[in-house]
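Trainee: The following comprises the amino acid sequence and a computationally predicted model.
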Amino acid sequence: MRTRATRDLAATYERISDDREGRELGVERQRKDNGAVGKREGLTIVGGTPYADNDLSASTKSKKERPAYQRLLADAREGRFSVIIAYSASRLTRRPREHEDLIELAQQHGIRFLFVRSPSFDLNTADGRQVARMLAAADAAEAERTQERVARAVGDRAERGDFHGGPRGYGLESDGKTIREDEAERIRAWATHILAGGSLRSIATELNGEGIATVRGTAWRGEVIRKILLAPRVAGLRIHNGAEYPSWSPEIIKPATWRALRVVLEAPDRQVSQSTARKWLGVGLFTCERCVPKTVKSHYNRRGDRAYACPTCHRSWRAEPIDDWIAGENGLVESVLAEVDSRARLLPRRQAGVDLAALETEAAAIRLNMAELAKDYALARGAVKAALSEGLAAGQQRLEEIEEAIVAAGQVDPLTEILGDDPVATWRAMNDLHRRQAVIRKLMTITLGPPIRGRAAWDPEKFIHVDPV
């Protein structure tokens, strides 16, 4: 409810679309000018949290929410003030649809609008609403023209491979064109580590342990490393609207390696959580004899011991003695690695050359075709629907084959680094659980049979079944 007391109260709204330095100087300038308008009109500016959206666009194309703007409208409807002051009408909004919200505020709640640089108009009159709608259409058109010019410029830069500025990318100097060799070497090592079955978290842990900071000076997280490795620039590439162009930045890793990283890091089943499952050797590796191919899960039993459990039949095995027998000192893995004949048999075979660019082009075409088939499938009936279903299944199968080929071409065989002069010593020094699991997968499959009960002597060979790969 609007009272005589609130008729002299005004709220100011400030917004700036681009604040790269995060200093809010443009917002502060607007607030000063808006306050001067309020003082000239004899109004009192309401206190509390300012209504300001910094570094947020109000254009028709922007999808970001403007929390301060929404709070401004809500408070106006509640009668906390009678006047809204902004630097210009376009600071409030460039969207014609949102202008209708402002008209509704004027008609139903008596809100007046004052501007520093735009003509003020009375939205309670037909003429005022006509002017407002004309200004809204002009603002929207200008915003869209600006966006089109920017999009064309970005596209042109992408095709030419020009540097577009911005923060320094890891592995490069500030000019975006010169490799910073110490960081580039780390990126290459990360790629090898991931393709050999290693984890992002272990990389972050090692970097933080060595006191190495990110470009921003913060601690490393797995997700930060993932973003660096997935950036096309590390392969000397740039992607714009789905098309691939040579980048302004030099190649740090080979495009084939980068494409293999994409498949590995973007796999839907790749875990990025901090779950306990990643700390246990058998999770995702050991299978239950009764429920193959289900792999075991981790939990703690009633005595507080680490244990593996089958999620289907609920059998449970103590984890520590199994892990020690397989991967511990003088365990099963070390006995296999110590045998010369076994090591010669395990040496990885060289991969034949693969045209990764051609595979990715084929994959993109299949995805586009599947999207069209999916649209038709939603409307189809009977035999047509069945035929479309077969087409979708065939496309999905071929996509899976392509992804497997890309991974195989760029994969680093986990046995390559371990089968050196002293593979047992290399194995013992390998702290990354993912890499240990990758080595075991190359050596053997492990199936857990019925667990030993009661006081029977622990004999792993009675219930742990190992098959050489």
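Mentor: Looks like it arrived, so ask away.

Trainee: State the helix or strand in which R29 lies.
Mentor: R29 belongs to helix 25-40 when assigned by DSSP states H and E.

Trainee: Now do that helix: which elements does it pack against?
Mentor: When contacts are defined as 3 or more C-beta pairs under 8 Å, 6 or more residues apart in numbering; DSSP states H and E, helix 25-40 packs onto strand 9-16, strand 44-45, strand 51-54, strand 83-86, strand 112-115. Bear in mind the C-beta positions are built from the backbone N, C-alpha and C, glycine included.

Trainee: Which among those strands is found nearest to R188?
Mentor: Closest to R188 of the helices and strands packed on helix 25-40, according to C-beta to C-beta: strand 51-54, at 38.6 Å.

Trainee: could you say what helices and strands the closest one packs with?
Mentor: Helices and strands touching strand 51-54, as assessed by 3+ C-beta pairs under 8 Å, 6+ apart, comprise strand 9-16, helix 25-40, helix 67-77.

Trainee: hmm, who's touching it?
Mentor: 11-16, 19, 22, 24, 27, 31, 66-69, 71-72 (C-beta atoms under 8 Å, 6 or more residues apart in numbering).

Trainee: one more time with 10 Å, if that's ok
Mentor: Outside strand 51-54, the residues that touch it by C-beta atoms under 10 Å, 6 or more residues apart in numbering are 11-19, 22-28, 30-31, 34, 64-73, 75-76, 84-86, 91.

Trainee: ok, of those residues, which come out buried?
Mentor: Among the contacts of strand 51-54, those classed as buried by neighbour count (16 or more other C-beta atoms under 10 Å) are 11-17, 24, 26-27, 30-31, 34, 66, 68-69, 72-73, 75-76, 84-86, 91.

Trainee: Would you map the strands across the stretch 151-300 of the chain?
Mentor: 237-240, 243-246, 287-288, 297-300 (DSSP state E, counting those that start in this stretch).

Trainee: what lines up beside the last one in the sheet?
Mentor: The pairing partners recorded for strand 297-300 under DSSP bridges are strand 306-309 (antiparallel).

Trainee: any idea how far the strand it pairs with is from the chain center?
Mentor: When distances are taken as C-alpha atoms, centre = their mean, to the nearest Å, strand 306-309 is centred 32 Å away from the chain's centroid.

Trainee: Repeat that for stretch 280-298.
Mentor: For stretch 280-298, the distance to the chain centre is 29 Å (C-alpha atoms, centre = their mean).

Trainee: hang on, the earlier thing: to V263, which of the helices and strands packed on helix 25-40 lies closest?
Mentor: strand 51-54 (38.7 Å).

Trainee: Name the next helix or strand following the least confident helix or strand in the chain by mean pLDDT along the chain.
Mentor: When each helix and strand of the chain is scored by mean pLDDT, DSSP states H and E, helix 340-346 comes last, with a mean of 59. Downstream of helix 340-346, the first helix or strand assigned by DSSP H and E is helix 356-379.

Trainee: Tell me which other helices or strands the following helix or strand past that next one touches.
Mentor: Using DSSP H and E, the helix or strand that follows helix 356-379 in sequence is helix 382-410. Contacts defined by 3 or more C-beta pairs under 10 Å, 6 or more residues apart in numbering; DSSP states H and E place helix 382-410 against helix 181-195, helix 255-265, helix 356-379.

Trainee: Of those helices, which stretch is the most buried?
Mentor: Ranked by mean neighbour count, the helices and strands packed on helix 382-410 are led by helix 255-265 with a mean of 21 (mean count of other C-beta atoms under 10 Å).

Trainee: other SSEs contacting it?
Mentor: Contacts defined by 3+ C-beta pairs under 10 Å, 6+ apart place helix 255-265 against helix 181-195, helix 222-230, strand 237-240, helix 356-379, helix 382-410.

Trainee: now the fourth one: mean pLDDT?
Mentor: Across helix 356-379, pLDDT averages out at 74.

Trainee: Equivalent analysis for the first one, please.
Mentor: On average, the pLDDT along helix 181-195 is 91.

Trainee: Against which helices or strands is that helix packed?
Mentor: Judged by 3+ C-beta pairs under 10 Å, 6+ apart, helix 181-195 is in contact with helix 200-209, helix 222-230, helix 255-265, helix 382-410, helix 414-418, helix 433-443.

Trainee: any chance of those helices in a markdown table, with distance to S120 and mean pLDDT too?
Mentor: Shown next, in a markdown table, are the helices and strands packed on helix 181-195 (distance: least, C-beta to C-beta, whole Å; pLDDT from 0 to 100):
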| stretch | distance to S120 | mean pLDDT |
| --- | --- | --- |
| helix 200-209 | 55 | 90 |
| helix 222-230 | 47 | 94 |
| helix 255-265 | 54 | 83 |
| helix 382-410 | 58 | 78 |
| helix 414-418 | 71 | 69 |
| helix 433-443 | 64 | 85 |
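
Trainee: how about TSV for the ones you listed, with distance to S174 added?
Mentor: As requested, these are exported to TSV (distance: least, C-beta to C-beta, whole Å):
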stretch	distance to S174
helix 200-209	21
helix 222-230	16
helix 255-265	23
helix 382-410	30
helix 414-418	34
helix 433-443	34
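
Trainee: Which of those sits closest to G47?
Mentor: For G47, the closest of the helices and strands packed on helix 181-195 is helix 222-230, at 39.6 Å, according to C-beta to C-beta.

Trainee: which helices and strands does the closest one pack with?
Mentor: Secondary-structure packing of helix 222-230 (3+ C-beta pairs under 10 Å, 6+ apart): helix 181-195, helix 200-209, helix 255-265.

Trainee: And the ones you listed: which comes nearest I326?
Mentor: helix 200-209 (20.0 Å).

Trainee: Check which residues of the closest one are buried.
Mentor: Going by 16+ other C-beta under 10 Å, helix 200-209 has these buried residues: L200, R201, S202, I203, A204, E206, L207.

Trainee: Tell me how many other residues crowd H434.
Mentor: By the criterion of other C-beta atoms under 10 Å, H434 has 19 neighbours.

Trainee: A429 now?
Mentor: Residues near A429, counting by other C-beta under 10 Å, number 9.

Trainee: Give me the below-cutoff pLDDT ranges for the stretch 201-350 of the chain.
Mentor: For the stretch 201-350 of the chain, the stretches flagged by pLDDT under 70 are 240-244, 268-278, 340-350.

Trainee: Swap in 90 and give it another go.
Mentor: Filtered on pLDDT under 90, the stretch 201-350 of the chain yields the residue ranges 201-202, 206, 216, 236-250, 254-284, 290-306, 311, 314, 318, 336-350.

Trainee: Could you find the closest non-adjacent residue to Q107?
Mentor: Nearest non-adjacent residue to Q107, counting by C-beta to C-beta, 6 or more residues apart in numbering: N124, 6.3 Å away.

Trainee: so I253 touches L230, yeah?
Mentor: No - using C-beta atoms under 10 Å, I253 is not in contact with L230; the gap is 11.5 Å.
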